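# My questions concern the predicted model and sequence given below.
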Amino acid sequence: MLDPDGGLLRGTLDVLILKALTWGPRHGYAVAEWVKGVTDGDLLVEEGPLYTALHRLEKSGWLSSEWGYSENNRRAKYYQLTRTGRAQLRAEVGAWERYVRAVGKALSAPSTAPS
Amino acid sequence: MRRVLRLPFSRRRLTRDVDDELAFHFATRIDQLVARGLTLEAARAEALKQFGDIESVRQGMLSLSEEREAAARRATVLSDVRQDLTYGIRTLRRGAAFTGLVVGGLALGIGANATIFSLIDAMLLRQLPVTKPEELVAVGDPENVTSSGYGTPSAELFSYPLYRDVHDNNQVFSGVVATGPASRLDVRVERGMAEPEHPNGRFVSGNYFSVLGVRAAVGTTLDSSDDAPGALARATISHGYWTRRFQGDSTVVGRAITVNGAGVVITGVGPPAFTGEVVGSTTDIWLPIPTHDLLRPNERILDNRRAGWLLLLGRTKPGLTLEQVKQGLIPVIESSIRSNVSSRDDIVALNTRGLTYAVSSGARGLSSVRPAFAAPLVALMIGVALLLCIVCVNVANLLLARGIARRREMSLRLALGANRSRIVRQLLTEGMLLALVSGTAAVLVGWWGSKALLALASEGKPVSLALGPSAPVLAFTFALSLGSVVLFGLVPALRSSRVDLASALRAQSRSVAQGARFGVWLIAGQVAVSLVLVAGASMLTRSLRAIQSTELGLDRDHLIVADLDITTPGYSADRLATAVHALRDRVMEVPGVVDVTYSENGLFTGTDWSTSLAVPGFTARIPEDSITSQDLAGAGYARAIGARVIAGRDLEPRDEGVLPRVVMVNESFARFYFAGRDPVGQFIRFDDSVHVQIVGVVADIRGQSLQAPEARRARRIYIPFLHAVDPGNFGQPDNLRLLVRTSGDPAALLQRVRREIVAVDAALTLDDIRPLSALVRVSIRQERLVARIATALGVLALLLAGIGLYGVTTYTIARRRNEIGVRLALGARGLDIGRMVLRDVLRPVALGLVVGLPLAIVAMRLLQQHLIDAAPDAGSVAIAIAVLVASAGVAGAAPAVQATRIDPLTALRAD
């Protein structure tokens, strides 16, 4: 699930990107910085795969994009969630929480020998 | 950050976007690293390291962008189309009257074309539903498809032995079949049926089904085993007959039925689409040729080389042309005929006349009605095409008017930023919808119309064709529909999209001049076309009347023709005489009957015989000169039918019962062979030794058809019907037609006469009994039908042109209300306005007449060349012009009167 150097598998990357955009449009760089910041640096987002993921999510219809200008007036591509994207995020979050609960239960269970 | 314009798709733009996105990332990252204290180069290197494989990521982003763009574009097109369709349907429904007029007009015009075209397709174009019909070749004259004859062997109608020789010795066919008519079959499907049925039958060779490639739907078909002499008599029935008569019962295979008293076993059922090779009639039952003599024991012709009754259909070997096939067959046929000819007369005939070969494509089957209907169908096709032009002009005017009315809507949409091509596309979609609906309606009209037309054409003698929406007809209909709408819808669409925004948005639009001039030309075109149609119809009708009033030379309105079957009973000469005399005496007793006689060919029955002879003192220049028509006639024939004897005497009772050695001739005969001399008392010679004496000359009668006969059919000899057996010379008659002269209306006596005839001899069957006038009508049914349709087309043309004229005039007045108001205000009287309008109406009409007159004359000449005998006459043209001017006057009068009543104040205020 987690690589030793904090890299991420693809499915996880998708849900993080979707979460990153919950509060409004962001460009790709901002998404990467947000992930790094919000996990206290525990998760390193590989930048190449991040941009590929953004385009893939846009093609799937979960993100839409617009060109705009950043704070220092550079031309940047802003992504935002579509309605289906929001729905997808809710679904993924739910699945992730169920997964975490299940594994957590397994890992914190007392050892019982099979009878 | 709203996107306002959608830029056109371009790969360069996508590449630029991807590069910009990456550039932004690197710029920001580098700034951040530099802010942390790295040098520019170090920052750049670190950014690259953190990013990963930049090139593969870039490629991935690019291909994903392209896929996304393509999907988006597809979705847009689909939604655009759906939007266009929805909007189009809504617009058409809102203007329901307009839509109704356009659809109705097109359905009528195109439907009429579809009607004629489906008849043309079924009768002239469609190929037989067999394997590879293009390989089939017809040998023999297809006009003979229901004929049979005796005489010198010919290559236009084959005898069975001649067919077998061709079959065995030819090098050009991979298979060749023979097919011949089966006149009246008495079929009993169940044991002990009282009344027999009479399905249509044909005699075919055993290889018929296998050569044509037609397989049985149930059971098996006839095969070559049926050609063996003495084989069990079998038959194959058609699918239609099977469904109708046997209700699709599969136990019909192997069932024994009775045909003409003989037992026949059914082998199976043909496939649904196959009704035989004869176009214009459907075959219900196919019988093997060798059963002919079994089924018609009084007409044994199987081995008779002088009995011609078969036509051949051969499947050519690959790579041979029609001409090669003909050249390959000629020696085979010629040698077979010449090496088997016995009679000296035949030898002489062959040497002088030679053999005529008829080899043609068999892909479309054989038909005797096709030649009669081909020219009229083509003429009608042109007629309905012209009618469609008139309809299309009205449709164009409607669409044009609506286009102008919608200019404001269009201009508004353009001003709000709509794409011009999008508007055009949406108008085209409306046009497509119209075309689709009109086309469907036209198909229905065409289907109904062709059935109705065929029913009309079948009057008297049924013509059956497989009519139904076939692929060519559907394609034709929808192509016409699409063409008409696109052509007449595209113009207004393009024009309205080119609208000048400023002037169109303004309340007033005075620039009608150009539209009006176009409309004038359209009206003139309609008038011209109407003139052609009305002139043609007038000419056809006059010609028909002339034909109908042809003098026949006999008492046309007081004759009944009864057709009796004398071959089935197989009378001897004596028995025949007794029966005929009994008939005559019995019918004479009926009150109202003035005279009774009999002949072999009857009158207007479609059968005729001819013979060759020699007249001493006359030298034939061409072989045709020795041929004359003949009939076997009863005593008092001329007197009974009302013909005039102009020299000598009529045939009398004393000429009956003995060897036939006296004849009566007609005027044409006398003039041709005895120019100037008195033929009475002269002798003519048949074969080598038989001399007969002419006892009388009768004035020419038109007894076969209303049209003037060709030379050898015009001259005729009459031989006594009841004569002693004369082996080798004159045979016994094959048919008996009783001719009954009445004092009053013959139709009133039909039933009574029929009863008397039937009561005479149970063995005699009455095939048909009709007044002569009815038979005459049937003989010109095609001319009558064409004249009727042409008249209908003419009337429709006038109606549609009149409607168009009315519409355009009303519309023009409406648009000129302002101008009219100004004129009225300046002192013009209502009458002046009315006159002005009328002048504007009559101008295009006059133009149309001027253009249409030469066209009408050309059309009439074409009719004369190909269809009818009459010459283009001034009367027809004058009638047509008068009718047209009157219609135009009526159509323009109402709007003109309306114009005189315009109130100047409201006119000036109007928009």
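Cool, the structure landed. Owing to the predicted nature of the structure, the values given are computational and were not obtained by experimental measurement.
# how far away is the residue in the stretch 51-200 of chain B that chain A sits nearest to from B:Arg44?
Residue nearest to chain A within the stretch 51-200 of chain B: B:Gly52 (3.3 Å; Cβ to the nearest Cβ). All C-beta atoms are positioned from the backbone trio N, CA, C, and that covers glycine. To B:Arg44, B:Gly52 is 15 Å away according to Cβ to Cβ, to the nearest Å.
# Likewise for B:Tyr811?
On the measure of Cβ to Cβ, B:Tyr811 and B:Arg44 end up 76 Å apart.
# And these two? Which one has more around it.
Using other Cβ atoms under 10 Å in any protein chain shown as the criterion, B:Tyr811 and B:Arg44 rank with B:Tyr811 on top: 21 against 16.
# Now do the SS call for that one.
Following DSSP: H, G, I helix; E, B strand; the rest coil, we place B:Tyr811 in the helix state.
# which residues does it contact?
B:397, B:401 (Cβ atoms under 8 Å, 6 or more residues apart in numbering or on different chains).
# cutoff 6 Å now
For B:Tyr811, the contact set (Cβ atoms under 6 Å, 6 or more residues apart in numbering or on different chains) comprises B:Ala401.
# ok, now B:Gly52?
Going by Cβ under 6 Å, 6+ apart, B:Gly52 touches A:46, A:48.
# now do B:Asp655
B:662, B:720.
# how close does it sit to chain A?
Look at B:Asp655 and chain A: by Cβ to the nearest Cβ, to the nearest Å, they are 105 Å apart.
# Over to B:Val393?
51 Å.
# interface residues of chain A facing chain B?
Residues of chain A lying near chain B by Cβ under 6 Å from any Cβ of the partner chain: A:29, A:46-48, A:51-52, A:55-56, A:59, A:66, A:68, A:74-77.
# Filter the residues you listed down to the buried ones.
Applying 16 or more other Cβ atoms under 10 Å in any protein chain shown to those, the neighbour count classes A:29, A:46-48, A:51-52, A:55-56, A:59, A:76-77 as buried.
# The residue in the stretch 551-700 of chain B that chain A sits nearest to: what secondary structure?
Nearest to chain A in the stretch 551-700 of chain B, going by Cβ to the nearest Cβ, is B:Gly606, at a distance of 77.7 Å. Under three-state DSSP, B:Gly606 falls in the coil class.
# Got the phi and psi for it?
phi 80, psi 0 (degrees, to the nearest 10).
# In the chain, where's the longest helix?
No chain specified, so I'll use chain A. helix A:83-107 (DSSP state H).
# could you do chain B instead?
helix B:54-94.
# That one and chain A, are they touching?
Yes - using Cβ under 6 Å from any Cβ, we find that helix B:54-94 touches chain A at B:57, B:60-61, B:64, B:67-68.
# Can you name the element that comes right after the worst-scoring helix or strand of chain B on mean pLDDT?
Of all helical and strand segments in chain B, the minimum by mean pLDDT, DSSP states H and E falls on helix B:501-505, at a mean of 52. Using DSSP states H and E, the helix or strand that follows helix B:501-505 in sequence is helix B:513-548.
# From the rest of the structure, what touches the following helix or strand past that following helix?
As assigned by DSSP H and E, the chain's next helix or strand after helix B:513-548 is strand B:559-565. With Cβ under 6 Å, 6+ apart as the test, strand B:559-565 has contacts from B:602-603, B:736-741, B:746, B:757, B:764-769, B:771-772.
# Now, these that are in helices?
Filtering those for helices - DSSP H - leaves B:746, B:757, B:772.
# what does chain B have sitting close to chain A?
B:1, B:20-21, B:24-25, B:28, B:50-52, B:57, B:60-61, B:64, B:67-68.
# hmm, which of the residues you listed are the buried ones?
So, by 16+ other Cβ under 10 Å, the buried ones in the residues of chain B next to chain A are B:21, B:24-25, B:28, B:51, B:57, B:60-61, B:64, B:68.
# Can you lay out these as CSV showing pLDDT?
Formatted as CSV, those follow (pLDDT from 0 to 100):
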residue, pLDDT
B:Glu21, 91
B:Phe24, 92
B:His25, 91
B:Thr28, 91
B:Phe51, 86
B:Val57, 90
B:Gly60, 90
B:Met61, 91
B:Leu64, 90
B:Arg68, 88
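# And those, which is closest to B:Leu531?
Nearest to B:Leu531 among those, counting by Cβ to Cβ, is B:Arg68 at 63.3 Å.
# My guess is the closest one contacts A:Lys59. True?
Yes - the pair B:Arg68 / A:Lys59 is scored as a contact, 4.2 Å apart, by Cβ atoms under 6 Å.
# Pull the contacting residues for B:Arg661.
Contacts of B:Arg661 (Cβ under 6 Å, 6+ apart): B:Val692.
# distance of it from B:Val692?
Following Cβ to Cβ, the distance that separates B:Arg661 from B:Val692 is 5 Å.
# same thing with B:Asp767?
Counting by Cβ to Cβ, the separation of B:Asp767 from B:Val692 is 30 Å.
# Save the buried ones among the residues of chain A next to chain B as JSON lines, and put in secondary structure and pLDDT too.
Shown next, in JSON lines, are these (DSSP: H, G, I helix; E, B strand; the rest coil; pLDDT from 0 to 100):
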{"residue": "A:Tyr29", "secondary structure": "helix", "pLDDT": "89"}
{"residue": "A:Glu46", "secondary structure": "coil", "pLDDT": "76"}
{"residue": "A:Glu47", "secondary structure": "helix", "pLDDT": "83"}
{"residue": "A:Gly48", "secondary structure": "helix", "pLDDT": "85"}
{"residue": "A:Tyr51", "secondary structure": "helix", "pLDDT": "90"}
{"residue": "A:Thr52", "secondary structure": "helix", "pLDDT": "90"}
{"residue": "A:His55", "secondary structure": "helix", "pLDDT": "92"}
{"residue": "A:Arg56", "secondary structure": "helix", "pLDDT": "91"}
{"residue": "A:Lys59", "secondary structure": "helix", "pLDDT": "90"}
{"residue": "A:Ala76", "secondary structure": "strand", "pLDDT": "91"}
{"residue": "A:Lys77", "secondary structure": "strand", "pLDDT": "92"}
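# ok, and for stretch B:900-911, which residues are buried?
So for stretch B:900-911, counting by 16+ other Cβ under 10 Å, buried means B:900, B:902, B:904, B:907.
# hmm, back to that, which among the residues of chain A next to chain B gets closest to B:Gly634?
A:Lys59 (98.4 Å).
# just to revisit the earlier point, B:Asp767 and B:Val692: which has the busier surroundings?
Between B:Asp767 and B:Val692, counted using other Cβ under 10 Å, the more crowded position is B:Val692 (20 against 15).
# List phi and psi for the more buried one.
phi -120, psi 150.
# bridging residues for it?
For B:Val692, the beta-bridge assignment (DSSP bridges) gives partners B:Ile684.
# That one contacts B:Val663, doesn't it?
Yes - assessed by Cβ under 6 Å, B:Val692 is found in contact with B:Val663 at 5.0 Å.
# Tell me how far B:Val264 lies from B:Val189.
11 Å.
# Identify the contacts common to those two.
B:Ile257.
# more crowded one of these two?
Neighbours around B:Val264 and B:Val189, counted as other Cβ under 10 Å, are more numerous at B:Val264. The numbers are 23 against 18.
# Give me the contacts around stretch A:73-81.
With Cβ under 6 Å, 6+ apart, stretch A:73-81 has contacts from A:21, A:25, A:27, A:54, A:63-68, A:70, B:20-21, B:24.
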